[in-house]
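>>> From the sequence below, what's the structure:
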Amino acid sequence: MRRFCTVVCVLLWCAGCATQPDAEAVTDQTQVNKAMETPWAGEPLVIADQPNSPALDVGVVLFDPGVEAQDDSPSAAVRRLESQLLAGQLRDALVASNQWGVVRMVPAASALAPVNIRSQIVQSDGRDLIVQVSAIDAAGTVLFDHLIGHRETEAGEGFSPVFNAISNRLLQWWEQQAQRERALLLSLAEVRYAQQLAPEAFGGLAEQIEGRWVLQRLPADNDPMMRRVDRIRNQEYLFCDTVDEQYVQLWERAGGTYALWRDAGREQAYWLDAYEARVSARGDRSDDSRYARMQAEYAAYRSYRLQEQAWFELAKALDGETQPSVIETADRVVTLEGTLDVQYETWRRLLRDIFAAEQGL
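All right, here's what the predicted structure looks like:
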């Protein structure tokens with residue numbers, strides 16, 4: 001009898017932990033409903049025969065995982081790892097659309113690309129993905145800022161509708177720009193990148209007026225300093241290439257487990273929805289039916305938790321792993337250590353020093 005009571009208490013505890021919503025969960029569900037009601041949910045990717053002219057380069061900033069930097073819990077490790085995987089999938093969708101110039105993954109937004117896409121994970125549980133996405137151009141103008149979500153309904157579908165919607169929203173904005181506006185934006189991005197390297201040397205070419213950057217004038221076509229800026233920018237592109245390579249390696253190591261975790265989460269969520277509907281329809285008419293319900297819930301969660309634990313362990317291992325970036329330039333080999341954010345800032349600082357030394361600044 002005591003053993004039976006112990007089992008019942010464990011089942012009550014497991015079922016209660018799994019099914020009782022907290023304030024954060026309720027908030028997330030409200031956001032899920034809002035995002036799912038957006039008119040572009042589930043739309044196909046618009047693919048072009050060739051990119052628009054002039055071709056617009058796009059920077060995909062690594063997703064904000066939405067967790068505190070000091071949080072070392074398994075769930076935080078999952079979010080941080082997922083933020084990199086999702087950024088790579090967004091980059092892949094933009095490339096597949098054939099609407100853009102070069103699409104690069106970057107640890108932080110900069111004038112390296114005329115347009116940067118920033119995203120934050122609001123909710124991700126394997127079945128539902130909700131992200132807050134904004135696109136910002138070199139002038140500092142927010143092109144769009146949307147809460148976009150998708151509910152995966154079948155295995156292998158993934159979250160491609162989310163990334164399709166982002167690419168399509170950016171395309172709608174770009175198609176509305178006249179050729180003159182497009183050319184001005186590309187020129188402004190070049191000037192702002194030069195100003196970041198040497199503010200004194202390129203001061204006055206672009207100025208910030210009422211919160212927006214405005215192009216005042218262009219450098220001469222034969223300006224030797226701009227040729228050096230182009231060479232430095234090509235060096236920064238090398239770092240972006242290493243980010244792409246690390247993403248490919250990360251997907252090879254974690255992609256399979258991530259897909260299995262999503263499958264388990266989706267199946268679990270749909271099973272619980274259906275089971276709860278059946279229970280509500282017939283009502284809890286006896287203690288036996290309540291006990292049977294808890295048994296079924298516990299058995300279903302057990303399978304999901306096993307898969308989740310495997311994903312947590314892999315994410316935790318990769319979260320604490322930092323790969324050095326080795327970048328070979330024309331005259332040196334540079335090894336960067338630390339997280340991608342730290343490496344990127346170190347590399348950009350080094351490029352600024354190289355440019356300043358060449359100018360005798």
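
>>> Mind giving me the packing neighbours of whichever strand or helix holds residue 208?
Assigned by DSSP states H and E, residue 208 belongs to strand 206-209. Applying 3 or more C-beta pairs under 8 Å, 6 or more residues apart in numbering; DSSP states H and E, one finds that strand 206-209 contacts helix 179-197, strand 212-215. Using the backbone N, CA and C atoms, a C-beta is placed for each residue, glycine as well.

>>> Mean pLDDT and mean neighbour count for those - can I get that in TSV?
Converted to TSV, the helices and strands packed on strand 206-209 look like this (pLDDT from 0 to 100; neighbours: other C-beta atoms under 10 Å):
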stretch	mean pLDDT	mean neighbour count
helix 179-197	92	18
strand 212-215	92	16
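
>>> which one of these lies closest to residue 347?
Smallest distance to residue 347 across the helices and strands packed on strand 206-209 (C-beta to C-beta): 13.0 Å, for helix 179-197.

>>> Please state the offset of stretch 166-173 from the chain centre?
Chain-centre distance of stretch 166-173: 16 Å, with C-alpha atoms, centre = their mean, to the nearest Å.

>>> contacting residues around that stretch?
For stretch 166-173, contacts defined as C-beta atoms under 8 Å, 6 or more residues apart in numbering pick out 40, 43, 45-46, 58, 90, 93-94, 97, 99, 115, 117, 119, 133, 135, 143-144, 146, 148.

>>> give me that answer again for 7 Å
Applying C-beta atoms under 7 Å, 6 or more residues apart in numbering, the set of residues contacting stretch 166-173 from outside is 40, 43, 45-46, 90, 93-94, 97, 99, 117, 133, 135, 143-144, 146, 148.

>>> Dump the helices and strands packed on strand 206-209 to a markdown table, plus distance to residue 50.
Formatted as a markdown table, these follow (distance: least, C-beta to C-beta, whole Å):
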| stretch | distance to residue 50 |
| --- | --- |
| helix 179-197 | 15 |
| strand 212-215 | 27 |
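
>>> Now do the helices in the stretch 201-350 of the chain.
Per DSSP state H, counting those that start in this stretch, the stretch 201-350 of the chain carries helices over the ranges 224-282, 287-319, 340-359.

>>> any low-confidence regions in the stretch 51-200 of the chain?
Judged by pLDDT under 70, the stretch 51-200 of the chain has its weakly predicted residues at 154-157.

>>> Which parts of it are helices?
Under DSSP H, counting those that start in this stretch, the stretch 51-200 of the chain gives helices at 74-97, 160-175, 179-197.

>>> quick one on the thing from earlier: out of the contacts of stretch 166-173, which is nearest to residue 247?
Nearest to residue 247 among those, counting by C-beta to C-beta, is residue 90 at 11.0 Å.

>>> Which of the helices and strands packed on strand 206-209 sits closest to residue 246?
Distance to residue 246, taken as C-beta to C-beta, is lowest for helix 179-197 among the helices and strands packed on strand 206-209, at 23.5 Å.

>>> picking that back up, any buried residues in the strand holding residue 208, and which?
Residues residue 206 are the ones in strand 206-209 that count as buried (16 or more other C-beta atoms under 10 Å).

>>> Could you tell me which strands sit next to that strand in the sheet, and their orientation?
strand 212-215 (antiparallel) (DSSP bridges).

>>> hmm, who's touching the partner strand?
Residues from elsewhere that reach strand 212-215, judged by C-beta under 7 Å, 6+ apart: 138, 139, 140, 141, 184, 187, 188, 191, 192, 206, 207.

>>> ok, back up a step: of the helices of the stretch 201-350 of the chain, which shows the lowest average pLDDT?
Ranked by mean pLDDT, the helices of the stretch 201-350 of the chain end with helix 287-319 at the bottom, a mean of 64.
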